[in-house]
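>>> quick one: sequence plus predicted model below, questions after.
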Amino acid sequence: MARSTGSADLPLHGGRVPRWLGERMTRLGSVVSEAIVHHYGRDELLRRLANPFWFQSFGAVMGMDWHSSGITTSVMGALKRGLTPLAGELGIHVCGGRGKHSRRTPDELFDVGERVGLDGAALAVTSKLVAKVDSAAVQDGFDLYLHSFVVTDDGKWTVVQQGMNSDRGEARRYHWLSEGLESFVEDPHAAIEGAAKGRIVNLADERARNARAAQVALIVDDPERVVSAVKQWSPALARDVARQQPRPIEPLPAWKPEARLRLTMPRHHDVHASDVVLRRLRGTIATAQIAAPPDFPSLLLTPGVGGRTILALAMAAEVIHGAPCRFTDPARFSLALGGKDGHPFPVPLRVYDETIRVLKDAVTAAKRLPGGDRLAAIQRLDRQARWLEQRAEGPSFEEFVSRERKRSHALGGRAVADDRRSKKAPAPRRSPKGQATLPGF
């Protein structure tokens, strides 16, 4: 069934992704997607994008703020920029986006249909229906502002869309996946969950079948009947109805455990130890130590790639190869390449660039020679981390973050606060002879 595979509740954040990070996110996002398609096929990439926990972890490992609403916009934007040039090779097309770009989705789907032989008109209708279900049929207080539609050459698709509630300072992300379409309007959601904050109107619930039928009947029936019914309504009748005991509502059928995908991110911006499964982190740290050069020659093909890059690669390998149960703590993936706001530490640009290079070289080599050692070596990083986490000891979370902050400068650490400080820095004073002098000297 085509269904909304889950949702994510996120703090609503403003701001923009700086260019120095956005360009890197584009390169890392595309190479990770290529690796997934190479190993597991296009359908698996769609399934992962439809998983709110994996999606959040993906954004965190790319250096975005680990918990904010901005992950949705930045990840889908990076994938659109990175995968569009590869659409002919991978057969994956990313359409739509935020604001005005979301309104262009039908036209973009028409164009995709023309190029690859799909029914673009049907895809456009699907896009509109999915948006309408999460904006009109389900009235939960969130107004949609982002709609991204990812479709493959064989017509399979996933949709990631997000709404905002400005009064509450929250965003909600909705994930859809097309596997065996049956109905858009009767229980299409595997989960639409969030903090309990009042009643919502959900006309996509199977219990609302009669209500949907009644609404259609009201539209097609004699208008005079509707007017007559409205005239009969009176304040006295309203009071009588209010005094009646509400009829018990039959509970929704329980979802299968693997389908209950609910992600609710906390308000705090910094990463807490409680946000991370420490044994998994220690397994990754141990992998980086054990796999350091020269013990990993198939991966470390260039001098200068050390344990810190291996740690980032091990987390990227988990995003590529990890099972769904591995992404219950998305915050852990922010410990690979930091975050643009400096939480848990500034983005180590030298490590980021080297991580992209190693992954890109591995994917390129695998395309030339299927089963090549380099991509297999990255897969072994994930396996080794899972094996080591059962027995590895290591630093505490606080010790790890403190160490990364201390060596941030040496690794090219950068955050948006650095950009703001550079813009506010006073211009050099001029000496009487016209020579520039540094401020304060």
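Done, it's in.

>>> and for stretch 27-47, what's in contact with it?
The contact list for stretch 27-47 (Cβ atoms under 8 Å, 6 or more residues apart in numbering) reads 48, 58, 61-62, 75, 78-79, 82-83, 86, 90-92, 150, 152, 154, 156-158, 177-178, 316, 319-321, 352, 355-356, 359-360, 362-363, 366-367, 375, 378-379. Yep, even glycine has a C-beta here, placed from its N, CA and C like the rest.

>>> and if we set it to 7 Å?
Under the contact criterion Cβ atoms under 7 Å, 6 or more residues apart in numbering, stretch 27-47 has outside partners 48, 62, 75, 78-79, 82-83, 86, 90-92, 150, 152, 156, 158, 177, 316, 319-320, 356, 359-360, 363, 366, 375.

>>> and that stretch, what's its mean pLDDT?
Here stretch 27-47 scores 95 as its mean pLDDT.

>>> quick one: distance of it to the chain centre.
14 Å (Cα atoms, centre = their mean, to the nearest Å).

>>> and for stretch 119-127?
Worked out by Cα atoms, centre = their mean, stretch 119-127 lies 24 Å from the chain centre.

>>> what lies in contact with that stretch?
So stretch 119-127 is contacted by 105-106, 109-110, 112-114, 149, 151 (Cβ under 7 Å, 6+ apart).

>>> restricting to C-alpha, output whatever helix or strand K132 lives in in PDB.
Per DSSP states H and E, K132 falls inside helix 120-132. In PDB, the C-alpha atoms belonging to helix 120-132 read as follows (Å, rounded to 0.1, in the frame of the first residue of the first chain):
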ATOM      1  CA  GLY A 120       3.700  12.500 -16.100                       C
ATOM      2  CA  ALA A 121       0.100  13.500 -15.700                       C
ATOM      3  CA  ALA A 122      -0.600  10.600 -13.300                       C
ATOM      4  CA  LEU A 123       2.500  11.400 -11.300                       C
ATOM      5  CA  ALA A 124       1.300  15.100 -11.100                       C
ATOM      6  CA  VAL A 125      -2.000  14.000  -9.800                       C
ATOM      7  CA  THR A 126      -0.300  11.700  -7.200                       C
ATOM      8  CA  SER A 127       1.800  14.700  -6.100                       C
ATOM      9  CA  LYS A 128      -1.300  16.800  -5.600                       C
ATOM     10  CA  LEU A 129      -3.200  14.100  -3.700                       C
ATOM     11  CA  VAL A 130      -0.300  13.400  -1.300                       C
ATOM     12  CA  ALA A 131       0.000  17.100  -0.500                       C
ATOM     13  CA  LYS A 132      -3.800  17.400  -0.100                       C
END
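
>>> buried ones in it?
120, 123-124, 126-127, 130-131 (16 or more other Cβ atoms under 10 Å).

>>> out of the residues you listed, which comes closest to I285?
V130 (40.9 Å; Cβ to Cβ).

>>> these two touch, right, the closest one and T158?
No - applying Cβ atoms under 7 Å as the test, V130 and T158 come out as separate, 10.1 Å apart.

>>> quick check: neighbours shared by those two?
W176.

>>> I'd like the distance between D9 and L146.
15 Å (Cβ to Cβ, to the nearest Å).

>>> nope, M265 is what I was after
17 Å.

>>> tell me where the stretch 51-200 of the chain has helices.
Counting by DSSP state H, counting those that start in this stretch, the stretch 51-200 of the chain has these helices, from start to end: 52-61, 70-83, 87-90, 100-103, 105-116, 120-132.

>>> give the buried residues for the fifth one.
By neighbour count with 16+ other Cβ under 10 Å, helix 105-116 contains the buried residues 105-106, 108-110, 112-113, 116.

>>> also the third one?
Under the neighbour-count criterion of 16+ other Cβ under 10 Å, helix 87-90 has 87, 90 buried.

>>> many thanks, we can stop here.
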